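**Q** Quick one: sequence plus predicted model below, questions after.
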Amino acid sequence: MMLWWQNLPFLSIFLMILSSIVSLSLSFKAARNICVISLGTVLTMSVITFCGVYVSKESFVYKMGHFPAPWGNEIRSGLLEPFLASIFAIIMLLAVLGGMKHIRNDIESKKLNLYFLTTDLLFASILALIYTNDIFTGYVFLEICTITTCGILMIRQIGRTTLAAVRYMIISLLGSGIFLIGITLMYDISGYLLMENMREGIAKAIETDGMTLPTVMSIVLVSLGLSIKCGLFPFHFWMSDTYGYATPSSSAILSGIVSKGYIILLLKIYYRVIGIETVAQSHIQDILFVFGLAGIIVGSVNAIRENDIFRMIAFSSAAQIGYIFVGFSLGTQAGFTAAVFQILSHAVTKPLLFISASMLSDASGGSKKFSDLMGSALRSKIAGIGFTAGALSMVGIPFLSGFVTKILIGTASFESPSKMMPILVVLAISTVLNAVYYLRTVVRIYHPRDLNKKEPKYSNDGYSSSVFSAVIVCFVALNLSIGFFSDFVTDIIRTGLSMLA
Amino acid sequence: MGLISNYEEVFAVILFGIGFSNLLFNRNLLKKIIGFNIMDSGVYLFLASMGYIDGRMAPIITDGITDAEAYINPVPSGLVLTGIVVSVSVTAMMLALTIRLYRRYNTLNLDEIYMFASRETKK
Amino acid sequence: MARIRDNYERSAAYRAEKVIKGEAEPLDFLPEEDRTTEDKLTIEKTVKESESELSLSPETLTETVEFKLYSRIYKALSVVVCIIFITSLVITAIHLPSLGSDLNPANNEVPERYVEKGVEETGAINTVAGMILDYRAFDTFGESCVLFAAVICVLILLKESDLSAAEHSDRQNEPKNDGILKAAASILFPVIIIFGFYVILNGHLSAGGGFSGGAILGSGMILYLLAFGFEKAHKLFNYKTFAVTVCSAQIFYCIAKGFSFFTGANEIETHIPLGNPGDILSSGLILPLNICVGLVVAYTIYTFYVMFRRGGF
């Protein structure tokens, strides 16, 4: 018998889709209010589901229709899924609220409601990716996610965003093509599309003679496709343009949530379809390991060379994705825990940086160049505080979430001796590099351009509004609480991961 | 030997590979979109041939025969249907993006578009 | 004095101050090179060369020595990657379960139930329709959301608020008032529309359904537009009818499926009659859903065309 709260994951997905459809015929203000209200409702629903699972200590399966698996579709929720859904809902809400002024300035007034329409649909697809228990549903919602992401990118219509959207689309299409052929192979081998049954089929296939090669190949293709889509090292070059020219809310949503949705799907596939033991036997992890480490270094070096604050944050994202894949590549429970913690920590920090950077640039007459941003934190104090907190978290100052990630990855690496040295070395190097470019930026924004001359005056419209300050305070509080209660959070992640298997 | 008995799947993955390389390496935006469509067609051919079973009918119940032995596997057909709709949507969107870029830069070559765009930012 | 200043300018302190002020980069001594891919590297080089003569056209760009060398390397690389990729996939395909055999893992209890119990449980003669609209309806719902998302993105990209300029250029490029086309269209349009509706309404009985029928309807609408021009087509299909139709069809789809999922998961009886298998009015929700999907697809295809052509209805 179903308990009432077990309906909530399904309801939250449908609520987001419904509000997105309704927004088509609404005005900007109505669409915005519906977006904010439904995000708030989804947040409440996810928290209730989380509490329900936390108390009952059991994962549950929700049948989508009248037919049980493997005939019908299913969604499934353990402890991790509603937790991620609630964090993502908060971030989405804050990102939309924090960038509202830019949304209005950057987008044609007649298309403003379409922005909220795409955001709603995007979040619905992220929720579906988090909860799905069926790999083909995963593919369909992956495509919705790609298309709507492209939508919120190119809605700001200057030439560079269209170009950035084309690059993003091409990379995403390559990724989803490879992912699709990968799951087709998996279906051919196992005979099911539902995750549990696929797992049995794959376990059977890998023991049969002659089927090992196709199984390994399908694992490689699925991992490759998803890592291309979320921008692992050799495929990270679209990020700088994409994040650099989109409207700040879109950059925040994209870096904070969308790439994480793909990674969570990969995590689910590793845990529920392939099984982490099988993943450990195939050598895909060594490849992910190398590219993850390379991504950390290359992303940081590129970020140092950047002269534009948005592009700098974008390249730092490439480095942070590298951390997640290094966690994955360890193949142990501790490694995956560290990776999920990094997902959370990056998801709360990057949007904070994007939103506060956008306000800093507003306080400097709209320029994104460092030379113009000098002293901007003095002009817009709250944005300065937000940026500093985010930067310190990225560098890994204790009590902020970024610090815990580095500790977790470091301790996880002790379990696999062959990978320990490279990880520790790269962690050290990357901390130094992070410190170089983030602290440099912090010093610059607090350093007045010229002490003798008077500060140039910029128009004061709204960058110190109360909503914006509240958004920054919430982000910083979220970051601090994840850092402070890291034991609790890692406990949840650990239990959630064991429920996932 | 698998090469002969699985010839349809072999051709399907060759098509996929051709489309993939086209999407990755061709510099012309329209040809990239064509490449993407070839790639997806490869997947559909793969699925369709996977669902086929020798000597059986299409899965529409005729004459009241509801024996599973009489029909092919309907699941891959359904997946192909979904896949086609996804690829139509994505193609339409890529074409729209291409139209916009062409109106702005008057070229379909990605290299030239990059060049124009970087010049535009410098000014 | 000048000498002291000279020394100061070379010192590390001066450099650090510059860096902090944002006027210089700590890594300025590194060779300026590209941050993304090999291909952009070459382009930026050529851009730098061409900056002196801004009139340089892309044709001359493609004739420079670097560009030729680069495109040759690029071509070789692409052939190599293509061959490696295809070879590994072909080797995989050879090892897959053999084609056309009924012993493949995919032919398990899942398709068996779809075929054997499908008519009884969904009321649809066409097993594929029963599967995608009832057994695996969540996928299909997602699929119609993909279409919805795509049409919204095309609207975002191409919809013009001012159509006067578009109207003018459209007049130049497209033939208007073609007698043969008009005569042919006035015969073909009703036939195509009727055929489209036939395919949609028979989706649960024979091959076809919402998506294919909707595509036929959409192409009929495009034909009408081509033959009779925007002014006439605008009376039948405009942005308002588009928004109303797509919105209401999608909302109906969403609510109907939501109801069906909710009742299914909570084991509540729905009391939706399945009817007599083989009749037009049978198979419960499948028929209305097919109609909704058909309308959405038809309008989507028409909107794609209109947006591509001139950016507005």
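**A** Cool, got the structure.

**Q** next structured bit after the helix or strand of chain B with the lowest mean pLDDT?
**A** Averaged element by element with mean pLDDT, DSSP states H and E, chain B has its least confident helix or strand at helix B:2-5 (a mean of 76). The helix or strand immediately downstream of helix B:2-5 is helix B:7-25, counting by DSSP states H and E.

**Q** Quickly list the domain ranges of chain C.
**A** C:1-30, C:35-90, C:128-310 (automatic domain parsing).

**Q** between those, which one is nearest to residue B:23?
**A** Nearest to residue B:23 among these is domain C:35-90; the distance by CB to CB comes to 10.9 Å. Every residue, glycine included, has its C-beta placed from N, CA and C.

**Q** Grab the longest helix from chain C for me.
**A** Using DSSP state H, we find that the single longest helix of chain C is helix C:65-95.

**Q** Report the inter-axis angle for that one versus helix B:7-25.
**A** 160 degrees (axes from the mean of the first three to the mean of the last three CA atoms, to 10 degrees).

**Q** and the next helix or strand after helix C:65-95 with chain A, contact?
**A** Heading C-terminal from helix C:65-95, the first helix or strand you meet, by DSSP H and E, is helix C:109-122. Yes: applying CB under 8 Å from any CB of the partner chain, one finds helix C:109-122 touching chain A at C:109, C:110, C:113, C:114, C:121.

**Q** for the stretch 401-501 of chain A, what spans make up the helices?
**A** Per DSSP state H, counting those that start in this stretch, the stretch 401-501 of chain A carries helices over the ranges A:401-413, A:417-446, A:466-484, A:486-500.

**Q** Name the spans of chain B whose pLDDT lies under the cut-off.
**A** In the predicted model of chain B, residues B:1-2, B:121-123 satisfy pLDDT under 70.

**Q** residue ranges of the helices in it, please?
**A** Assigned helices in chain B, in chain order: B:2-5, B:7-25, B:29-51, B:74-105, B:110-122 (criterion: DSSP H).

**Q** what's next to the second one, contact-wise?
**A** Outside helix B:7-25, the residues within contact range by CB atoms under 8 Å, 6 or more residues apart in numbering or on different chains are A:170, A:173-174, A:177-178, A:181, B:3, B:31-32, B:34-43, B:45-46, B:49-50, C:74-75, C:77-78, C:81-82, C:85-86, C:89-90, C:92-94, C:96, C:99.

**Q** Buried ones among the residues you listed?
**A** The neighbour-count test (16 or more other CB atoms under 10 Å in any protein chain shown) applied to the contacts of helix B:7-25 identifies A:170, A:173-174, A:177-178, A:181, B:32, B:34-43, B:45-46, B:49-50, C:74, C:82, C:85-86, C:89-90, C:92-94, C:96, C:99 as buried.

**Q** coming back round to it: what's the longest helix of chain C packed up against?
**A** helix A:212-230, helix B:2-5, helix B:7-25, helix C:38-50 (3 or more CB pairs under 8 Å, 6 or more residues apart in numbering or on different chains; DSSP states H and E).

**Q** tell me which residues of the first one are tucked away?
**A** Residues of helix A:212-230 classed as buried: A:214-230 (neighbour count, 16+ other CB under 10 Å).

**Q** roughly how far is the next helix or strand after it from the heart of the chain?
**A** For helix A:212-230, the succeeding helix or strand toward the C-terminus, using DSSP H and E, is helix A:238-245. Offset of helix A:238-245 from its chain centre (CA atoms, centre = their mean, to the nearest Å): 15 Å.

**Q** export helix A:238-245 as CSV, just CAs?
**A** Coordinates of each C-alpha in helix A:238-245 appear next as CSV, following Å, rounded to 0.1, in the frame of the first residue of the first chain:
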residue,chain,number,x,y,z
TRP,A,238,32.4,25.1,-24.8
MET,A,239,32.0,26.2,-21.2
SER,A,240,33.8,29.5,-21.3
ASP,A,241,31.7,31.0,-24.1
THR,A,242,28.5,29.4,-22.9
TYR,A,243,28.8,30.6,-19.3
GLY,A,244,30.5,33.8,-20.2
TYR,A,245,27.8,35.3,-22.5
